[in-house]
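requesting a structural model of the entry that follows:
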Amino acid sequence: MSTIGKLNLDHLVGQQVGTSVLLKKIGHGAMSAVFVAFQKTLKRQIAVKVLPKSLMTEKTAAFFQQEAESAAILTHPHIIPVYEVGETKDFLFFTMQLVKGNELSYFIRRTQKNIVPSKRFMPLPTILSLMLKILDGLAYAHDNDIVHRDIKPDNVMIEGHSKRPLITDFGVARVSRTTSKSDRLLLGTPMYIAPEQILSGTVDGRADMYSAGVMMLEMLMSKLPYPPYRTAMDLLKMKLGLKDRIFRQRPSEVHPVANRTLDEILFKALAFDRDKRFPSCHEFASELERFSKKLMISSSAR
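Residues are numbered from 1 along each chain as shown. Sure thing, here's the model as predicted:
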């Protein structure tokens, strides 16, 4: 039986939500569920994310509605498009493209569990290609004043046939040009969250850059090199206490192809002080692209 907290959502299958009919549940989180649905107006299958109002406060419900509507304006090949945003008496919802593929986290786990030790690392060209596309999508969102605030492997889908990465779940996104009491909410995932989000300071695109950097570090090393910790709160405290010493290893010490030049690029994006990071995801991507071209030249010369 599918439940979220104490709420059973099985009864939603077959119900109409906006212009769509819910067909089956395909995933859920702490406060939401995602369904495959049939959009009757355009006769296609789509995904519908449902957030029960019983699990949300009035402020967070209003916050989600505002930001989901803002995210719906984004049209980019590496951002899952939001089609419709609305609400019923019992829940908020938004509809989006149904991606046939898996989360990036699935590929990281699969690589980590490879029976051949030498294949427990994602190929560097693959990582660089994915990162350049993800950063392009983030830069576009930031150019449109949208900060995602929860970039992590679970929120990047890899399309099955094209291997195209698609950023999803702008549910905690923020319009950076506005000021809101919601800024004081700790939103994001502890393993990937930027220090300024923990401190509840002003958040801009550099917070997404940090989270994307953590995600890249995980792709390079399979397992994030944090010191041992017991709880999410312990990790948050360590991030603030250890600052730039939070990561115990660098990719060049683990990944067979990574080098110190890549370390320097990545750890600039991961700087505790956001003013020491790249000014934007555009610059981060430009450095990675230059590195990628040099890597290709070096590989072809062998």
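
drop to CA atoms for contacts and neighbour counts, all remaining ones
Fine.

if you count neighbours, what's buried in stretch 35-48?
Within stretch 35-48, the residues scored as buried using 16 or more other Cα atoms under 10 Å are 35-39, 45-48.

what about it, how long is it end to end?
Using Cα to Cα, to the nearest Å, the end-to-end distance of stretch 35-48 comes to 5 Å.

do the same with stretch 237-251
End-to-end for stretch 237-251, by Cα to Cα: 24 Å.

do the same with stretch 260-276
Start and end residues of stretch 260-276 are separated by 18 Å (Cα to Cα).

distance from it to the middle of the chain?
19 Å (Cα atoms, centre = their mean, to the nearest Å).

one more: stretch 199-206?
The answer for stretch 199-206 is 16 Å, by Cα atoms, centre = their mean.

ok, now stretch 236-250?
21 Å.

so what touches that stretch?
Here stretch 236-250 makes contact (Cα atoms under 8 Å, 6 or more residues apart in numbering) with 190, 195, 198, 224-227, 263, 270-272.

can we see that at 7 Å?
190, 195, 225-227, 263, 271-272 (Cα atoms under 7 Å, 6 or more residues apart in numbering).

out of those residues, flag the one nearest to Leu12.
Minimum distance to Leu12 across these is 31.1 Å, recorded for Pro190 (Cα to Cα).

the closest one contacts Ala232, correct?
Yes - under the criterion of Cα atoms under 7 Å, Pro190 makes contact with Ala232 at 6.1 Å.

settle it for me: which of those two has more neighbours?
More crowded of Pro190 and Ala232, by other Cα atoms under 10 Å: Pro190, with 20 against 12.

assign the more buried one to helix, strand or coil.
Put simply, Pro190 is coil when judged by DSSP: H, G, I helix; E, B strand; the rest coil.

now it, what are its backbone angles?
The phi/psi pair for Pro190 (degrees, to the nearest 10) reads phi -50, psi -40.

per-residue pLDDT of the residue positioned nearest the centre of the chain, please?
The residue lying closest to the centre of the chain (Cα atoms, centre = their mean) is Ile151, at 2.5 Å. pLDDT, Ile151: 95.

likewise Ser32?
At Ser32, the pLDDT value in this model is 75.

dihedrals phi and psi, the nearest residue to it once chain neighbours are set aside?
Excluding the flanking residues, the one nearest Ser32 by Cα to Cα, 6 or more residues apart in numbering is Leu51, at 4.6 Å. Dihedral angles phi and psi of Leu51 (degrees, to the nearest 10) take the values phi -120, psi 100.

how about the strands in the stretch 151-300 of the chain?
156-159, 165-167, 174-175 (DSSP state E, counting those that start in this stretch).

average pLDDT for stretch 222-237, rounded please.
Rounded mean pLDDT across stretch 222-237 is 94.

circling back: of the buried residues of stretch 35-48, which belong to strands?
Among those, the members falling in strands (DSSP state E) are 35-39, 45-48.

between which two of those is the distance greatest?
Phe35 and Gln39 (12.0 Å).

list the helices and strands the strand or helix carrying Gly86 packs on?
In this structure, Gly86 sits in strand 82-87 according to DSSP states H and E. Applying 3 or more Cα pairs under 7 Å, 6 or more residues apart in numbering; DSSP states H and E, we find strand 82-87 packed against strand 91-96.

the strand it packs on pairs with which strands, and in what direction?
Partners of strand 91-96 in the sheet, by DSSP bridges, are strand 44-52 (antiparallel), strand 82-87 (antiparallel).

would you turn those into CSV with mean pLDDT?
Formatted as CSV, those follow (pLDDT from 0 to 100):
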stretch, mean pLDDT
strand 44-52, 90
strand 82-87, 83
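
from the chain's centre, how far out does stretch 144-156 sit?
For stretch 144-156, the distance to the chain centre is 4 Å (Cα atoms, centre = their mean).

if you could redo that for stretch 144-164, that was the one I meant.
The answer for stretch 144-164 is 5 Å, by Cα atoms, centre = their mean.

outline the domain layout of this structure.
3-96, 101-301 (automatic domain parsing).

least reliable of the ones you listed by average pLDDT, please.
Averaging pLDDT over each of the domains of the chain puts domain 3-96 lowest, since it has a mean of 81.

the contacts of stretch 236-250: which two are farthest apart?
Farthest pair in the contacts of stretch 236-250, by Cα to Cα: Pro190 and Asp263, 22.2 Å.
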